[in-house]
Structure formats: C-alpha cells, structure tokens
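Chemist: Output the structure for:
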Amino acid sequence: MAKKISVKKYAGVYYVESTVHKWRERPDRCYWVAFKDIKTGKLRWERCGWASEGWTPEAAQNKRHDLLEQDRAGKYKPKKERKADHLTFGELMEKHYIPWGKEHKRHAFGDASRYTHWLKTRFATKALKDISPLDLERLKKEMREAGKSEATVRHVLCIVRQAFNKAVVWRLWRGENPCKGVSFPTPNNARQRFLTQEEAARVLESLRLRSDQVARIATISLYGGLRLSEVLGLTWSNVDFANGIIFVQDSKNRESRPIFITDPIKQILAELTPGNPDDPLFKTKTGNPVQQLSKSFRATVKELKLNEGISDPRERVSFHTLRHTYASWAVMAGVPLYIVGKAIGHKTLSMTQRYAHLAPDSHRAAFEAVAQNGKKTGRELQIVNVEEKYLSNPPKNI
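Modeler: Prediction:
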C-alpha cells in the first residue's frame with residue numbers, strides 16, 4: 001500500500017493518492033484516520049473513502065471524533081469485529097463451512113442437505129449474533145413435531161455447533177456459540193430388527209426387478225456387513241482377487257478392515273466392469289461416484305410391507321438393517337461376539353454386545369453350568385447335615 005500522508009491542520013487525518021484514478025485534474029485521494037485505542041493502547045486505522053466519493057479532510061476529522069467518543073465510552077469495535085457483527089449464518093455456511101466440508105469431511109453431502117432442509121429457511125438471513133439458544137430449542141421442537149428422529153435432530157444441531165466453532169477459528173466471529181445453552185438429544189438408535197433368510201431373499205429379488213445397481217450394493221452390504229458409505233466408497237484398488245479380500249478404508253471409526261469375498265460377493269464383482277485402481281465400484285450413469293441411494297430400496301421395503309404397522313424406528317427395516325442382519329446371522333451361527341465386532345468394524349466389544357441375546361446356546365450353557373454346580377453343592381450340604389445329626393445324637397446301640 002502507498003504511504004499515508006498526514007493532512008496539515010487536521011490531527012490524525014491522512015490520505016493516500018491513487019496512481020490510477022484522477023479527481024478534478026489531480027490524483028484521487030483516499031482519506032484515513034488514526035487514533036490510539038484506550039482499551040488496548042493499539043494504534044487504530046480506519047478507512048474513510050475517496051475524495052471522488054465526497055470525502056474531505058473535514059469529514060474525515062468528524063469521523064475521527066465520532067470514533068474517539070465510541071472508544072471513550074467503551075463501544076468502539078475494530079472493523080473486523082464490526083464486519084463479524086453483520087455476518088449472516090447463510091454467508092458462513094455457503095461461503096465458508098460447506099466448501100470447507102467438501103474438502104475435509106467424509107459426509108459433506110449430508111451436511112449440505114441438512115442445511116438446505118432445516119437451517120437455511122430459518123437462519124440464512126440472520127446475523128450470527130442474533131441466533132440464540134431459544135432459536136435452536138424451537139428448531140428442535142419443530143423437527144420432533146415433523147417426526148424426525150433424535151439422531152437427525154442431533155446431527156442438525158452438531159452442524160450449527162461446528163459452524164460457529166469454525167467461525168471462531170477462522171476469525172470470522174468472536175461471540176458465544178448459541179449451542180452452549182442447548183441440550184443435545186442422546187438417541188437410542190440401536191437397531192433390533194434383522195431380516196430372516198426368506199425376507200432377505202425377497203428383498204434382493206425385488207430389488208433386482210427395480211435396480212440392478214441397488215441390488216448389488218445391498219448384496220455387498222448384507223454379505224459383507226458394510227455400511228452404505230463403506231460400500232459406496234469402495235474402489236477397485238480395494239479389491240484383492242488373489243487373496244479373496246476387499247479392504248474397507250475410511251470407515252466410520254477411521255480404521256481399515258478386510259472383508260472376505262464369499263460366493264454372493266464374488267457373483268456381484270463378476271457382474272461389474274473393472275476399472276482403474278481409483279475408480280469406484282459403483283458409478284452413476286454419467287460416470288461419477290454414487291453419492292446416495294436411490295428410492296428403490298425404500299420402495300421395495302414398502303412393496304413387501306416389511307414395515308407395515310411398525311412405528312418404532314429401531315424396528316423398521318432400512319438399508320442399515322442389512323448390516324445388522326449380517327451381524328445377527330453371524331452370532332446365531334455361533335461366531336464369537338469379538339470376531340463379529342472385528343468383522344463389522346466395531347471399535348469396542350460393548351458396541352457388539354447388543355447381539356449377545358442372539359446366541360442363546362452360549363447363555364444356556366452358563367445357566368446349566370451354574371445349575372449343575374448347585375446340585376453338587378446341595379449333595380455336599382446333605383452329607384454335612386447327616387454328619388452333624390449323627391454327632392449331636394449318636395445311636396444308643398453303639
């Protein structure tokens with residue numbers, strides 16, 4: 001920037017001459033004012049404007065006086081803070097947070113979708129300073145009245161919380177995060193429903209009639225125990241035909257794991273056309289990676305009436321039910337919980353514990369072992385009681 005030149009007779013007023021623009025046959029001048037902030041002791045510079053816009057040394061000096069009055073009253077804010085006061089939630093999300101998410105978050109599409117459906121109409125035009133905890137409590141109420149799950153409500157609130165936190169990190173905002181005064185729902189979304197062999201066969205068969213692609217995705221999820229995001233994230237570099245293994249990367253717990261290519265999965269891979277190592281297994285018609293599932297799966301579940309009369313979300317069939325079915329079948333076949341947890345990518349055994357009730361034989365063995373031990377202890381007690389009776393009252397004929 002060009003050097004600022006002091007204006008004589010006007011304390012604290014400066015100007016910079018333009019090397020390009022002219023005003024009244026001489027270089028245009030941009031006026032600035034300077035003063036020392038009482039609170040911090042820092043020298044503050046404030047830009048006024050160009051002479052061609054009507055600014056004069058007198059007008060600049062008047063602005064400086066106003067700024068000094070604000071500073072003495074403790075109301076002065078630097079330009080960055082004043083700009084932050086007018087930053088809207090829509091600007092934060094659309095210009096900063098969502099573009100950042102596309103580069104750094106695995107589920108950025110979900111964030112953008114939730115912003116569009118639940119946050120944009122309510123908060124896009126609101127300044128960050130005007131969004132209060134009460135606004136978010138009202139949002140929670142509206143979402144619940146609309147029938148949204150506690151998990152969805154929590155996801156939306158998490159987006160708001162992280163967006164405000166990022167605004168602070170990026171120095172766009174210095175205020176308090178409104179989420180601090182809001183209680184986040186703790187959803188109990190542990191699914192209990194799983195498909196029987198007959199139901200699974202019907203689902204895959206019906207899907208084939210609607211969409212081969214969705215049927216293939218569902219088959220890999222069912223027989224590999226994969227989340228939808230994990231199936232859609234598979235590339236040909238993850239497939240090791242020589243050892244019969246698919247490596248699942250970028251999973252939910254950020255740990256890679258192998259799944260074995262069983263006959264149902266092998267059949268699906270045979271139907272696909274191999275591509276370059278970085279090419280996804282599943283593409284759209286335009287050649288792009290599949291980002292979300294089509295409506296075919298929901299339509300199939302509705303056609304088969306698998307959710308008829310069921311209101312509890314944990315008992316309703318969804319795409320994630322396929323992964324839950326894999327784990328349930330494995331436990332029912334006698335596979336130890338620890339092995340099942342490793343196969344589906346659970347980080348702790350407690351996460352897999354929900355399937356323990358499906359292994360009744362192992363539970364029965366525990367009960368039978370205690371019962372047998374109890375019988376043995378009972379016989380010993382009977383013997384002791386006989387000995388005590390004999391010693392306390394010995395037979396008279398001895």
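Chemist: So residue 106 is in contact with residue 229, correct?
Modeler: Yes: applying Cβ atoms under 8 Å as the test, residue 106 and residue 229 come out as touching, 7.2 Å apart. Where C-beta positions appear, they are placed from N, C-alpha and C, glycine not excepted.
Chemist: distance of residue 336 from residue 330?
Modeler: Taking Cβ to Cβ, to the nearest Å as the measure, residue 336 falls 9 Å from residue 330.
Chemist: Name the residue in those two with the higher neighbour count.
Modeler: Legend: neighbour count by other Cβ atoms under 10 Å for residue 336 and residue 330, higher for residue 330 (20 against 13).
Chemist: Without its sequence neighbours, what residue ends up closest to residue 202?
Modeler: residue 304 (5.8 Å; Cβ to Cβ, 6 or more residues apart in numbering).
Chemist: can you give me phi and psi for the one you found?
Modeler: phi -80, psi 0 (degrees, to the nearest 10).
Chemist: count of neighbours near it?
Modeler: Neighbour count for residue 304, taken as other Cβ under 10 Å: 15.
Chemist: do residue 5 as well
Modeler: Neighbour tally, residue 5, other Cβ under 10 Å: 12.
Chemist: Test my guess that it contacts residue 14.
Modeler: Yes: the pair residue 5 and residue 14 passes the contact test of Cβ under 8 Å, sitting 6.1 Å apart.
Chemist: For those two, list the residues in contact with both.
Modeler: Listed as contacting both residue 5 and residue 14 by Cβ atoms under 8 Å, 6 or more residues apart in numbering is no residue at all.
Chemist: and stretch 76-96, which residues are buried?
Modeler: Using 16 or more other Cβ atoms under 10 Å as the test for burial, stretch 76-96 gives 76, 84, 87-89, 91-93, 96.
Chemist: now stretch 271-289
Modeler: Judged by neighbour count using 16+ other Cβ under 10 Å, the buried positions of stretch 271-289 are 280-282.
Chemist: Could you find the closest non-adjacent residue to residue 212?
Modeler: Here the residue nearest residue 212, using Cβ to Cβ, 6+ apart, is residue 271, at 7.6 Å.
Chemist: And the one you found, how far from residue 220?
Modeler: Noted for residue 271: a distance of 11 Å to residue 220, by Cβ to Cβ.
Chemist: How about residue 348?
Modeler: From residue 348 across to residue 220, the span is 25 Å (Cβ to Cβ).
Chemist: quick one: which of these two has more around it?
Modeler: More crowded of residue 348 and residue 220, by other Cβ under 10 Å: residue 220, with 23 against 9.
Chemist: which non-adjacent residue is nearest that one?
Modeler: Distances taken as Cβ to Cβ, 6+ apart place residue 231 nearest to residue 220, at 5.3 Å, with adjacent residues excluded.
Chemist: got a list of what the one you found touches?
Modeler: Counting by Cβ under 8 Å, 6+ apart, residue 231 makes contact with 217, 220-221, 224, 281-282.
Chemist: Mind listing what's buried along the helix or strand hosting it?
Modeler: Using DSSP states H and E, residue 231 sits within helix 228-232. Within helix 228-232, the residues that count as buried by 16+ other Cβ under 10 Å are 228, 230-232.
Chemist: Stretch 175-192 now?
Modeler: Buried residues in stretch 175-192, defined by neighbour count with 16+ other Cβ under 10 Å: 175, 177-179, 182, 185, 191.
Chemist: Could you spell out the sheet neighbours of whatever helix or strand comes next after the helix holding residue 231, each with its direction?
Modeler: Under the assignment DSSP H and E, the closest C-terminal helix or strand after helix 228-232 is strand 239-240. Each strand paired with strand 239-240, and its direction, by DSSP bridges: strand 245-248 (antiparallel).
Chemist: Outside of the partner strand itself, list whatever touches it.
Modeler: 224, 226, 230, 233-234, 238-240, 256-261, 265, 345.
Chemist: Equivalent analysis for stretch 269-282, please.
Modeler: With Cβ under 8 Å, 6+ apart as the test, stretch 269-282 has contacts from 212-213, 216-217, 231-237, 239, 241, 261, 289-290.
Chemist: Which one of those residues sits in the busiest neighbourhood?
Modeler: Per-residue neighbour counts (other Cβ under 10 Å) across the contacts of stretch 269-282 peak at residue 217, which has 27 neighbours.
Chemist: what's the closest non-adjacent residue to that residue?
Modeler: residue 231 (5.3 Å).
Chemist: Residues in a beta bridge with the residue lying closest to residue 230 once chain neighbours are set aside, which ones?
Modeler: In space, and not counting its chain neighbours, residue 230 is closest to residue 248: 5.2 Å by Cβ to Cβ, 6+ apart. Beta bridges link residue 248 to residue 257 when assigned by DSSP bridges.
Chemist: returning to what we had before: mind putting the buried residues of stretch 76-96 into TSV with pLDDT?
Modeler: Shown next, in TSV, are those (pLDDT from 0 to 100):
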residue	pLDDT
76	80
84	64
87	88
88	93
89	95
91	93
92	95
93	96
96	95
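Chemist: Among those residues, which lie within strands?
Modeler: Using DSSP state E, no member of the buried residues of stretch 76-96 falls within strands.
Chemist: Taking these together, which two end up most distant?
Modeler: 76 and 93 (29.4 Å; Cβ to Cβ).
Chemist: quick one on the thing from earlier: pLDDT-wise, what's the bottom of the buried residues of stretch 175-192?
Modeler: Across those, no position has a lower pLDDT than residue 191, which has 64.
Chemist: rewinding a little: from what I can see the residue nearest to residue 202 touches residue 203, true?
Modeler: Yes: using Cβ under 8 Å, residue 304 is in contact with residue 203, at 6.7 Å.
Chemist: Could you pull up the residues touching residue 87?
Modeler: Applying Cβ under 8 Å, 6+ apart, we find residue 87 in contact with 127-128, 167, 172-173.
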